[in-house]
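>>> Provide a 3D model corresponding to the input given below.
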Amino acid sequence: ATPALVANLASMQLSGMDFPNAGTEAVDGAYAANGTSIGPSTAGMATTSMGVIGDARYGEETTEDDGEDGDDQQAQVLLPHMEGGTTYFYPLAEEEPGTVGTNIPTNVFSGMPPFMPAQAQKAREGPKSYFASSKIADELTRRQALNFCQAVPGAEPVVEVEQYSQLYRLESLDSPSTKQFSARLFHFPSNCYKAMSARDGQPYCLRHIIGYRLSSTASMSLIDKWRKLVHPNVCSLREVFTSKAFAGDTSLVLVHDYFAGAETMQMRHFNAMASSSGGGMDAGSSGDKRHLPSGMSSSNMGRSSPLAQSSAAALQSGLKEPLIWNYLVQLSSAIRAVHNCGLACRVIHPTKIIITGESRLRISSVGIMDILTFDIGHTDQKALMQQYQQEDLTALGRLILCLSCNSLMALQNPMAAVDVLTSNYSDDLKNTVIYLLNSQINRSINNVMPMIGARFFSHIDALTCQTDVLEVELLKELQNGRLFRLLSKFCLVNERPGLNMEPEWAETGDRYLLKLFRDYMFHQVSDDGSPWFDLSHIVHCLNQLDAGSPAKICLESRDEHSVIIVSYHDLKRCFEAAYGDIMASSATMSEMAAEAGIVLDSGTSYS
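Numbering: from 1, shown residues only. The predicted structure follows:
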């Protein structure tokens, strides 16, 4: 995580703990609620492995200032800790004068905040609440695996295009509906691949237009606009180039952002066989007006083919209305951003709208139609773009109508589709769809916003709750990253074969204490001699070591000949000194090699 995000989450976590101000004098030992000293040996329990902290009530102790009048008193603010029904107060470490707030511990987790939504509160209790939820972890792991998936060797005729390699086909070759629709939409057959970029090592989506020759670069002005467009509901266009890597012909390749685990709207909500029968959606998205209704008049709605009449009975209520409004909000936001840039989507179709997660939409394949259908002889490009923008609104209305009827066949019988919409959904949704489909008027996406109305607030509320959930999940893993870094440094020191020509470096001096601490932390056994494993014990020890707690522990050698009582504060001092020796030795070796003109391999051992 970035330092700014880590600092922000840490401040959010600690802001509710009401820690005392800095500059107070530290007191050795801990104090119970009745003022009884507990002693320095248990003072380290103020920072537990789970960071559980009691109510923000602090005790006070007055001390006399040796250099001033005896009446001057300084309040000693102590950190409370609840245990067995008794409140214990622990002093904080002393700080340099003039510093404020730097004594706040950062190795604690306060648990699930009470303002979290109900779905996140279910796992609030128990040890699982201190780790990221399995649902989020599994989804992110699956996406990460898809980022690096590769085709079977020999399965793809082309494995490298320009700086892109490891091509992996995203669209099935066995799907006739995919082939037919791609040919109708783009007027050329196309293939879609995932590929890794040699520039930044990130995956991208490559759209290969088969058999198209770029005869003019006049359309590149539109491509430059697409490359500058950044919107959360649009798959950004990165670059466009021609290549002879595919079967030796000069083909057009467009590069868009890749989103692992995404599926098209058609795959999620529609039957794949519905698109193979034609349907009105295919024509509307490609700009072909042969199947586009001129308006929503009764005469046009009444004319339908026998196929449409037979399919009317199959229309039924589709998605839940809140989900349709959710889709409409996202799509209208994306279309508004595109139209404001003087562009048109021209790909509002279920096969070109991808969904990630539960309901996150993105419009893909943008910019392709601007290249394939660019008319260099058209005198008024602005008027032509306005016509395309009107077609975007028509395509949006057709899409919402199909979602409400749960079928791409809905537009073959518009009268029956509107009846289904009227009987199962609100008047607001029906009026919005009718407005979008009415091509007799000059429509604007800005006029759709008032029709959505207060549902924008519901959408914002859902996004805010989701952000809160993800921040808490990240806050859980934030401490895991800190402990991992600490453990990595600890492993660099422990059991090191040698350092600076000292073969027994790891077995002598302060390093021997760290070796015993390793056994204390990882190699505990029960009374019968069987291995004893307790993750909370390991996390507790690492937290105490990282904080440099004054709590003392008993370390014992394996042969039981050496028994040492040492505090975590001393162990941290030994650990930092040993790690510093390794870093200094590594820097010295690098300087000597640079002076001698020797390039050291990253895997060379200096021991």
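
>>> helix or strand: which one has Asp581?
Here Asp581, judged by DSSP states H and E, is contained in helix 568-595.

>>> list the buried residues of that helix.
568-572, 574-575, 578, 581-582 (16 or more other Cβ atoms under 10 Å). Every residue, glycine included, has its C-beta placed from N, CA and C.

>>> any idea where the helices of the stretch 251-400 of the chain begin and end?
265-269, 279-286, 298-302, 306-311, 321-340, 368-372, 381-405 (DSSP state H, counting those that start in this stretch).

>>> out of those, the one nearest Glu591 is which?
For Glu591, the closest of those is helix 321-340, at 53.3 Å, according to Cβ to Cβ.

>>> now the closest one: average pLDDT?
Average pLDDT, helix 321-340: 96.

>>> pull out the buried positions in it.
The neighbour-count check on helix 321-340 (16+ other Cβ under 10 Å) flags 321, 324-339 as buried.

>>> same thing with stretch 508-526?
Those would be 510-518, 520-521, for stretch 508-526 by 16+ other Cβ under 10 Å.

>>> now stretch 378-393
Buried-residue list, stretch 378-393, by 16+ other Cβ under 10 Å: 385, 388-393.

>>> just give me the closest of those to Val539.
Using Cβ to Cβ, Asp392 is the member of the buried residues of stretch 378-393 that lies nearest Val539, at 53.9 Å.

>>> and the gap between the closest one and Met265?
16 Å (Cβ to Cβ, to the nearest Å).

>>> just to revisit the earlier point, in CSV, list the helices of the stretch 251-400 of the chain along with distance to Tyr212.
Converted to CSV, the helices of the stretch 251-400 of the chain look like this (distance: least, Cβ to Cβ, whole Å):
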stretch, distance to Tyr212
helix 265-269, 24
helix 279-286, 15
helix 298-302, 35
helix 306-311, 33
helix 321-340, 23
helix 368-372, 7
helix 381-405, 19
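
>>> quick one: closest of these to Arg362.
With Cβ to Cβ as the criterion, Arg362 lies closest to helix 321-340 of these, at 7.8 Å.

>>> how close does Met415 sit to Glu160?
Applying Cβ to Cβ, the value for Met415 to Glu160 is 53 Å.

>>> ignore what I typed, I meant Ala395.
36 Å.

>>> where does pLDDT dip in this protein?
Applying pLDDT under 70 to the chain picks out residues 1-130, 172-185, 248, 271-317, 501, 589, 592-607.

>>> quick check: longest helix in the chain by residues?
Criterion DSSP state H: the longest helix present in the chain is helix 455-493.

>>> and Asp461, how many neighbours?
By other Cβ atoms under 10 Å, the residues close to Asp461 number 11.

>>> do the same with Leu140
Neighbourhood size, Leu140 [other Cβ under 10 Å]: 14.

>>> regarding it, what is its secondary structure?
Under the three-state scheme (DSSP: H, G, I helix; E, B strand; the rest coil), Leu140 adopts helix.

>>> roughly how far apart are it and Leu542?
24 Å.

>>> please apply the same query to Leu555.
Between Leu555 and Leu542 the computed distance is 16 Å (Cβ to Cβ).

>>> what's the answer for Asn438, then?
For Asn438 relative to Leu542 (Cβ to Cβ), the value is 66 Å.

>>> so those two - more neighbours on which side?
Leu542 (20 against 17).

>>> helix, strand or coil for the more buried one?
Under three-state DSSP, Leu542 falls in the helix class.
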